[in-house]
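Engineer: Quick one: sequence and predicted model below, then my questions.
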There are 2 protein chains.
Amino acid sequence: MDGYLSFAAPDPTILCMSAFDLLLVSCDVLTRDGNAYRVAPDCDIAISGNRIVEVLPTGQIDPGQAKSTVNAQDMFAIPGLINTHTHAAMVLFRGLAEDIPIESWFNDYIWPLESNEEPEDIYWGTLLAIAEMIQSGVTTFADHYFFCDEIAQAISETGIRAHIGWAVFGHEGLTKLDQTVDFARRWQGGAGGRITTWMAPHSPYLCDVDFLRETAARAKALGTGIHIHCSETHEQVTYSLEQHGVTPPGMLHRAGVFDVPVLLAHGIGLTPADIALLKDHDVAISQCPKTYMKLAMGTAPVRDLRAAGIPVGIGTDGVVSSNTLDVLEQMRLLALDQKQAAKDSTVLPIQEVLDIAFAGGAAALRSPDLGEIAPGKLADVVLLRTDGAHFFPRYDLLANLVYSARASDVDTVICDGKVLMQGRQLLTIDLPRVKAEVAARMQRLNQRATERRLATYPVPQK
Amino acid sequence: MDGYLSFAAPDPTILCMSAFDLLLVSCDVLTRDGNAYRVAPDCDIAISGNRIVEVLPTGQIDPGQAKSTVNAQDMFAIPGLINTHTHAAMVLFRGLAEDIPIESWFNDYIWPLESNEEPEDIYWGTLLAIAEMIQSGVTTFADHYFFCDEIAQAISETGIRAHIGWAVFGHEGLTKLDQTVDFARRWQGGAGGRITTWMAPHSPYLCDVDFLRETAARAKALGTGIHIHCSETHEQVTYSLEQHGVTPPGMLHRAGVFDVPVLLAHGIGLTPADIALLKDHDVAISQCPKTYMKLAMGTAPVRDLRAAGIPVGIGTDGVVSSNTLDVLEQMRLLALDQKQAAKDSTVLPIQEVLDIAFAGGAAALRSPDLGEIAPGKLADVVLLRTDGAHFFPRYDLLANLVYSARASDVDTVICDGKVLMQGRQLLTIDLPRVKAEVAARMQRLNQRATERRLATYPVPQK
């Protein structure tokens, strides 16, 4: 008014906020409006502690309020990717079991190889897997494996989020089962809340009804869910009908497994009656299509599952079948395999693929605070570079995300409010050290002693 | 002998060679011994002019003889990837035609969009595509598109190798056909031998027998091959039988197309009788599985084609169907889709995938000097980084190449003896300029005027 003010007055459109810890400045943001995924251009994301507190158009948040900022110009912010089923430390065996039938894959390779594993191997293998997952934009993974204290230790140190279940076979007996219960109790809510524990009986074909019943009772008492393989192939369904007179989900139901929340991996052989059964219980499904294609296992009834309201998320499975821990690749393969199997290119359009990856992943892990960039959600955010030739033109960022993006486009990864990677530099893992430790173990791990394999994969009578 | 020599005597194992231009030092090399692909560890590759002259264990070639050297330690040298079928400049429309049926894809999207294209668009679009291909390790591509002088210009400037055919529809008539002949004559052997020209009638469903006969006569007179789409879906076969009483290959045969070398794209609907016909002629097939899965077109009889001795190579197709120009991705998808379709995980093992990508690609383009790192071959070499977490452990580099490698692992690309990319820096393309030119065209190009579409995709009577 008086003409003497030589400095700018505060912009009234800038919100007055309490200070926050991290501000991601000027990115396009993948947002969700009901079931519709949209791109909000040129926004800032404010994070306090481990939560997202604001997502607003750039200019509306005062960057001076942030303890630190990340320049996210030209980046596309997506929720941290959720890997709903893996066996992370199997990276130790990457490339050792290629182009073989599933029976041989289990009996001649996987279980003989895994019989060599010692706890410290799992620690280093899990670190290698976490490095690959962070580099691929994964901020949460559901692990189903052995020596889970070492896994939990690796989670604690690296800042990623995980749902861990200690895999157990029926023949290992109740003493072993109770050791996995002890693990679940010991680490539930561990690593500052980043660890959730599950019970993890291997499968209906390697755990009998009594063992499954004992597992379900313990899960119920403990308040955990059950993460289990089920109906991975049509042959497994035939085997179950031969042996038990019911399908694998029928066997789980008989054992009371569906009395607790269940994360069911694969489900390729699910029947319409199985789906009707699952929809009446608290069951979610993980889909790992690269494994299904590579081992020629068939294609799961994903449309029917979603039509029945059953949550479906994306997983990578272990790398001895899928070779990578790349959720973006699995998203794309899910769409491609489902379209091809249905002979219908309109099946699983981009919006549905995104819904499976994000809302589906969160629902599969019973973690409603994941899978969305919105105030109040956990601060798991990935910044993707969009300046690659393969990402241009940017007519449709969502199409580019599903069909063109590569894991290597991931630039920055934030999990639970902490920056785990920036400019593709891992900040919580010494990858050269991890690789050296894994390399030192390769010769011992790469021995296949079939006679001392962990378990035997049963095949149906022909 | 006399004890006075204080300097090292020349090592007799070091070969005396004439000077050469480029030495790639200390890489693992993908080599071929008959049909067997192997890794030769820790070798040097010597290049003179546009040819590989030596591949020997490190230490046997005197680096002092090289005008320049590339430190390739920890890198995996593979032959430059061969993209046997694409429409490169369609990158202009990336992401504009998603999740739709093939009829709508052609009639409502592709041909209405392409009616907007002007020659200079093709120049910039092709440059963008070449940038993506070089970054993905592609050194040769077979293009089937319009305004080919602009394509040839882009090839000339960027140093990549290409086989170019000017796409023509039957309804455009013989005058247009003769213009494509003029192009083929004008650019045959152009860009220092890096350009090979073909005739490129679109397809049997959009070129009648008379037009195809005229094309074949011109190709024969000119000494070129014919690059054509054929039997892309089972519906196209039905349509051909309805309209012409023969399958699409039967129609090509009737028109004399098989009197010249033919590169036949897709071939999903090929029948056993078609395969018997093709094997008696000089025909090769390009496979672009990402398109087939995305548009739910089915799976080509690749095993039967190879059993019949018909060369099969990998292509990317255009990015409006496949979204990327990534041959590594297409290799992987070929294996995965073929295994899934055959319900047999032993189908297309790693050795066969490599044979399709390299020997098959070279055979498809009738270029026996491509696809192999060996003395006398053209110096098209790609160095892949192998230090990524996703590439470790390195028990089996070939498994990692087929199932774990990403385009972003490509570090250095050499084509025709020239370095086109090093440390992922493009040396012959100003990518920011190219993107700015493409961006300036997006609003005009992104108009769909269905009434002036280039052609109409016919559908069989139901």
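Structural biologist: Great, that's in hand.

Engineer: which residues of the stretch 351-462 of chain A fall in helices?
Structural biologist: For the stretch 351-462 of chain A, the helices defined by DSSP state H, counting those that start in this stretch occupy A:361-364, A:397-403, A:431-445.

Engineer: what's the helix or strand for residue A:32?
Structural biologist: strand A:20-33 (DSSP states H and E).

Engineer: at contact distance from chain B, anything in whichever helix or strand comes after that strand?
Structural biologist: Next helix or strand after strand A:20-33 toward the C-terminus (DSSP H and E): strand A:36-48. No. If you take CB under 8 Å from any CB of the partner chain as the test, strand A:36-48 misses chain B, and the best it gets is 12.1 Å. All C-beta atoms are positioned from the backbone trio N, CA, C, and that covers glycine.

Engineer: so which of the helices of the stretch 351-462 of chain A comes closest to residue B:458?
Structural biologist: helix A:397-403 (27.3 Å; CB to CB).

Engineer: residues in contact with the spatially closest residue to residue A:194 that is not a sequence neighbour?
Structural biologist: Excluding the flanking residues, the one nearest residue A:194 by CB to CB, 6 or more residues apart in numbering or on different chains is residue A:161, at 4.5 Å. Listed by CB atoms under 8 Å, 6 or more residues apart in numbering or on different chains, the contact partners of residue A:161 are A:80, A:139, A:140, A:141, A:155, A:194, A:195, A:370, A:378, A:380, A:415, A:416.

Engineer: cool, and residue A:318?
Structural biologist: A:86, A:87, A:88, A:90, A:91.

Engineer: Let's have those in a markdown table, adding pLDDT.
Structural biologist: Listed next are the contacts of residue A:318 as a markdown table, based on pLDDT from 0 to 100:
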| residue | pLDDT |
| --- | --- |
| A:86 | 98 |
| A:87 | 98 |
| A:88 | 98 |
| A:90 | 97 |
| A:91 | 97 |
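
Engineer: Of those residues, which fall within the contact range of chain B?
Structural biologist: residue A:91.

Engineer: Look up how far chain B lies from residue A:325.
Structural biologist: 7 Å (CB to the nearest CB, to the nearest Å).

Engineer: Correction: the previous question concerned residue A:215.
Structural biologist: Counting by CB to the nearest CB, the gap from residue A:215 to chain B is 30 Å.

Engineer: How about residue A:40?
Structural biologist: 18 Å.

Engineer: on that earlier part again, give me the sheet partners of the strand holding residue A:32 and which way each runs.
Structural biologist: If you go by DSSP bridges, strand A:20-33 pairs up with strand A:36-48 (antiparallel), strand A:66-71 (parallel), strand A:75-79 (parallel).

Engineer: Quickly compare the ones you listed and say which is most buried.
Structural biologist: Of all the strands paired with strand A:20-33, strand A:75-79 has the most neighbours on average by mean count of other CB atoms under 10 Å in any protein chain shown, namely a mean of 26.

Engineer: C-terminal to that one, what's the next element?
Structural biologist: From strand A:75-79, the next helix or strand downstream (DSSP H and E) is strand A:81-86.

Engineer: partners of that next one in the sheet?
Structural biologist: Partners of strand A:81-86 in the sheet, by DSSP bridges, are strand A:138-145 (parallel).

Engineer: which stretches of the stretch 101-250 of chain A form strands?
Structural biologist: Remark: strands assigned in the stretch 101-250 of chain A by DSSP state E, counting those that start in this stretch are A:138-145, A:161-168, A:195-201, A:226-230.

Engineer: now the angle from the third one to strand A:161-168?
Structural biologist: Direction vectors for strand A:195-201 and strand A:161-168, defined by axes from the mean of the first three to the mean of the last three CA atoms, to 10 degrees, enclose an angle of 20 degrees.

Engineer: can you give me the offset of strand A:195-201 from its chain's centre?
Structural biologist: Between the centre of strand A:195-201 and the centre of its chain there are 14 Å (CA atoms, centre = their mean, to the nearest Å).

Engineer: who in the stretch 51-200 of chain A is up against chain B?
Structural biologist: With CB under 8 Å from any CB as the criterion, the stretch 51-200 of chain A meets chain B at residues A:91-96, A:98-102, A:105, A:128, A:131-132, A:135-136.

Engineer: try 7 Å
Structural biologist: Residues of the stretch 51-200 of chain A lying close to chain B by CB under 7 Å from any CB of the partner chain are A:94, A:95, A:96, A:98, A:99, A:100, A:101, A:102, A:128, A:131, A:132, A:135.

Engineer: How is the third one assigned, secondary-structure-wise?
Structural biologist: Same thing as residue A:96. What DSSP: H, G, I helix; E, B strand; the rest coil gives for residue A:96 is coil.

Engineer: show me the contacts for it.
Structural biologist: A:109, A:113, A:320, A:446, B:395 (CB atoms under 7 Å, 6 or more residues apart in numbering or on different chains).

Engineer: Among those, find the lowest-pLDDT one for me.
Structural biologist: pLDDT across the contacts of residue A:96 is lowest for residue A:446, at 86.

Engineer: Tally up the residues packed near that residue, please.
Structural biologist: Residue A:446: 14 surrounding residues under other CB atoms under 10 Å in any protein chain shown.

Engineer: Can you list the residue ranges for helices in the stretch 201-350 of chain A?
Structural biologist: Counting by DSSP H, counting those that start in this stretch, the helices of the stretch 201-350 of chain A are A:209-222, A:234-244, A:248-254, A:272-279, A:289-294, A:302-307, A:319-322, A:327-342, A:350-355.

Engineer: hey, which of those is tucked in deepest?
Structural biologist: Scoring these by mean neighbour count under mean count of other CB under 10 Å gives helix A:289-294 as the most buried, with a mean of 27.

Engineer: Residues contacting that helix, please?
Structural biologist: With contact meaning CB under 7 Å, 6+ apart, helix A:289-294 is reached by A:268, A:298-299, A:317, A:321-322, A:329-330, A:333-334, A:337, B:336-337, B:339-340, B:345.

Engineer: Which of these sits closest to residue B:234?
Structural biologist: Scanning the contacts of helix A:289-294 for proximity to residue B:234, where the rule is CB to CB, the winner is residue B:337, at 15.7 Å.

Engineer: Contacts only, for that closest one.
Structural biologist: The contact partners of residue B:337, by CB under 7 Å, 6+ apart, come to A:293, A:340, B:289, B:293, B:299.

Engineer: can you tell me which of these lies nearest to residue B:40?
Structural biologist: For the contacts of residue B:337, the nearest to residue B:40 is residue B:289 (29.4 Å; CB to CB).

Engineer: okay if I get the strands of the stretch 101-250 of chain A as CSV plus mean pLDDT?
Structural biologist: CSV is the format used below for the strands of the stretch 101-250 of chain A (pLDDT from 0 to 100):
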stretch, mean pLDDT
strand A:138-145, 98
strand A:161-168, 98
strand A:195-201, 98
strand A:226-230, 98
